[in-house]
Structure formats: structure tokens, C-alpha cells
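In: take a look and give me a structure for this.
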Amino acid sequence: MPANLTPEFKKARARFQAAKSPEEKLAALEEMLATIPKHKGTDKMQADIKRRIARLRESSGGKKGHRSGYDHIPKEGAGQVVLVGAPNGGKSSLLAALTNAKPEVADYPFSTQAPVPGMMAFEDVSIQLIDLPPLTREYTEGWVYGLIRGADLVLLVLDAGELALAPDRIDELLGLLEERHVVPIADGEPTGEDERTRRIPCRVVLSKAELAGDEAASGVDGCPYRCVAVSATTGDGLDTLRRELFDALRIVRVYTKLPGRKPDMEEPYTLPVDSTILDAVRTVHRDFVDQLKYVRIWGSGRFDGQQVPSDHRLEDGDIIEIHVG
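Out: Below you'll find the predicted structure:
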């Protein structure tokens with residue numbers, strides 16, 4: 001069975017081959033494991049990657065930055081979003097307000113010492129959020145940056161009660177990330193990457209918006225990223241943030257139907273923006289690609305039930321009917 005390796009996996013493999021330090025190699029291997037297609041054709045490759053990760057962790061001798069069990073969190077749902085910020089920025093309260101996760105919420109710094117994942121519902125899809133320990137130059141372990149590198153979206157969480165300090169906080173966080181070759185990007189910036197640098201879409205959230213009043217709605221002066229003000233206490237802004245995270249992930253939802261049946265509108269498939277009919281068919285079932293006769297579409301076609309070519313680009317909410325033979 002062919003491996004059908006994804007572009008993301010190939011980029012991670014190139015970073016591994018160019019890596020100089022054990023930490024860089026470990027981060028690249030973890031992303032390779034996260035992005036490799038999971039099927040029988042890659043079983044041996046998955047096993048080899050896991051062996052290399054184990055050897056690197058063992059050779060680290062438990063050194064700072066290689067804490068077993070924290071280095072990789074499997075992606076779930078429509079995308080993985082990491083919550084990044086300074087101590088006491090409100091990340092844990094935000095995670096608790098958006099998901100069913102139960103992080104430790106405290107009014108002292110460094111209450112979050114391990115990654116805490118949770119699933120956020122947006123309409124009919126779920127998005128994985130991960131609360132991370134705060135980023136500081138003195139105390140942040142290397143595995144935190146590994147998790148950030150492998151994510152689909154970075155959410156910089158800032159305390160709205162310290163709005164005047166927000167520009168400096170952003171500069172500090174960006175500096176720490178860029179030192180580890182992670183570059184958060186704004187809308188419209190290129191997402192390409194070289195052997196070492198990972199460029200990840202970014203949003204900013206001003207938590208504890210109830211402390212700043214109307215000023216929080218204006219965002220952060222000079223910030224290049226889209227910004228949302230929220231309050232985990234009152235719930236203000238949370239629905240806006242859910243929609244913002246979904247849009248930032250740049251995905252579309254595609255629904256399926258059987259001939260003569262109503263469409264299944266309960267559990268859509270999620271694909272990257274600009275995906276084609278053929279991409280959707282491959283996602284539904286890889287074997288359908290070789291057996292495909294034609295596909296009908298409801299939504300982005302010129303008329304409902306139109307037969308469309310395999311390179312037709314999908315839009316959010318499209319319904320497809322796959323015919324194989």
C-alpha cells in the first residue's frame with residue numbers, strides 16, 4: 001500500500017534532516033508522527049519514528065525540555081489551537097469557559113505546568129484547544145515549543161486588565177517563539193516554511209475584558225493580528241471567538257448523501273480551504289478515488305445536484321453525492 005505522505009509530513013521530515021540539536025530533531029519527529037497518514041502502508045514508518053523519538057528522549061536523560069508524555073498530543077477535531085501567553089494571562093479560565101476541560105484556575109503564576117487539552121464546540125464541529133504553561137525565558141521547557149510548532153493555530157492570550165502593557169507582551173512572546181523558529185503570522189502573510197521555521201496563523205484574545213470596559217473592544221495598538229475581547233466570567237465575546245477560531249483555521253465543512261437519501265448533516269468532513277472534489281472523495285474513502293465515476297453537488301454548483309468535475313473547489317456547507325463503480 002502506498003504511503004501517500006502529506007506535504008506537512010514531508011516538510012517536517014526535511015526539518016528533521018536539517019536539524020542540528022537534539023531538541024530540534026525531537027520537535028521535527030513529533031510533528032512527523034502527528035502528520036503522517038495513519039494506515040497500513042505507514043505502519044513501519046510510524047514505528048521507526050516512535051523508536052527515534054524514544055531514543056532521543058532516553059538520551060536526554062530526563063533533561064529539561066524532554067518531559068515524557070507532554071511532547072505530543074494527538075490532534076482531534078477540525079483543528080488544534082494552542083493557548084499561549086505570559087503567567088496569569090487568563091488562559092486556563094478561557095479554556096474552562098470554552099470546553100469541558102477542568103484546568104487548575106488560580107490567581108498565582110505557573111498554576112499550569114502540563115498541557116491541558118479540551119474540545120470546543122462550534123456549530124456542528126469540534127476544535128481542540130490546548131492550554132500550555134506560560135512562556136517565559138527562564139522557566140519554559142522545550143516540549144512546550146514542540147507542541148506549539150505542531151499546532152494549526154496560535155492563540156495569544158493577554159490580560160485586558162493590563163491593556164497598556166499588551167504591545168510589550170506581544171513583542172516578548174513573539175521574540176521567544178521566533179528564537180525557537182516559530183513565527184506566528186497574520187492574515188494574508190505567506191504560510192510557507194523553510195527547513196527550520198514554522199509559520200503558523202495567529203489570533204489574539206484579550207481575556208478578562210470586564211476589567212477594561214470599552215477599551216478592550218478596540219484591541220491592541222499596532223497589533224498585526226485579529227483580536228477578540230472576551231470575558232470568561234460574563235461570557236461576553238465567547239461566541240465571537242468561536243467563530244473567529246473556526247475562520248482562522250481556514251477549513252470547509254463538507255456533508256455527504258447517498259443517492260435517493262437525505263444528506264447526513266450531523267458529522268461533516270472538514271478539509272482545508274481550496275480543497276477539491278477529489279480531495280473530499282479521498283477523505284471519505286481512499287479506495288473511492290480509483291472507483292470514482294462522478295460526483296453531484298448541492299451548494300457551490302450552478303444548480304443543486306449538478307455533476308461537477310473532480311477539480312471543482314469546495315465551499316463551506318457543500319453536500320456531495322459520490323457515485324462509484
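In: okay, and for this structure, where does confidence drop off?
Out: Residue ranges of the chain with pLDDT under 70: 1-3, 60-71, 104-113, 192-195.
In: residue ranges of the helices in it, please?
Out: Assigned by DSSP state H, the chain shows helices spanning 7-18, 22-35, 43-59, 91-98, 142-150, 166-179, 238-248, 277-284, 288-291.
In: CA atoms only for the last one, dumped as CSV, please.
Out: This means helix 288-291. Only the C-alpha atoms of helix 288-291 are listed here, as CSV (Å, rounded to 0.1, in the frame of the first residue of the first chain):
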residue,chain,number,x,y,z
PHE,A,288,-13.2,5.6,-3.9
VAL,A,289,-10.7,7.6,-5.9
ASP,A,290,-9.9,4.7,-8.2
GLN,A,291,-13.5,3.7,-8.4
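In: centre of the chain versus that helix, how much separation?
Out: Here the centre of helix 288-291 is set off from its chain's centre by 29 Å, with Cα atoms, centre = their mean, to the nearest Å.
In: before we move on, what about the fifth one?
Out: What separates the centre of helix 142-150 from the centre of its chain is 12 Å, taken as Cα atoms, centre = their mean.
In: ok, and what's touching it?
Out: The contact list for helix 142-150 (Cβ atoms under 8 Å, 6 or more residues apart in numbering) reads 23, 26-27, 30-31, 34-35, 64-67, 70-73, 80, 82, 84, 115, 130, 132-133, 135, 154, 177, 180-182, 198, 200. Heads up, the C-betas are built off the backbone N, CA and C, glycines and all.
In: drop anything exposed from the residues you listed.
Out: Among these, those classed as buried by 16 or more other Cβ atoms under 10 Å are 23, 26-27, 30-31, 34-35, 65-67, 70-73, 80, 82, 84, 115, 130, 132-133, 135, 154, 177, 180-182, 198, 200.
In: pretty sure residue 26 is touching residue 58, no?
Out: No. Assessed by Cβ atoms under 8 Å, residue 26 is found out of contact with residue 58, at 11.3 Å.
In: count of residues packed around residue 257?
Out: Burial of residue 257 is recorded as 16 neighbouring residues (other Cβ atoms under 10 Å).
In: which residues does the nearest residue to it once chain neighbours are set aside contact?
Out: Nearest residue to residue 257 in three dimensions, chain neighbours excluded: residue 263, at 3.7 Å (Cβ to Cβ, 6 or more residues apart in numbering). By Cβ under 8 Å, 6+ apart, the contact set of residue 263 is 255, 256, 257, 298, 319.
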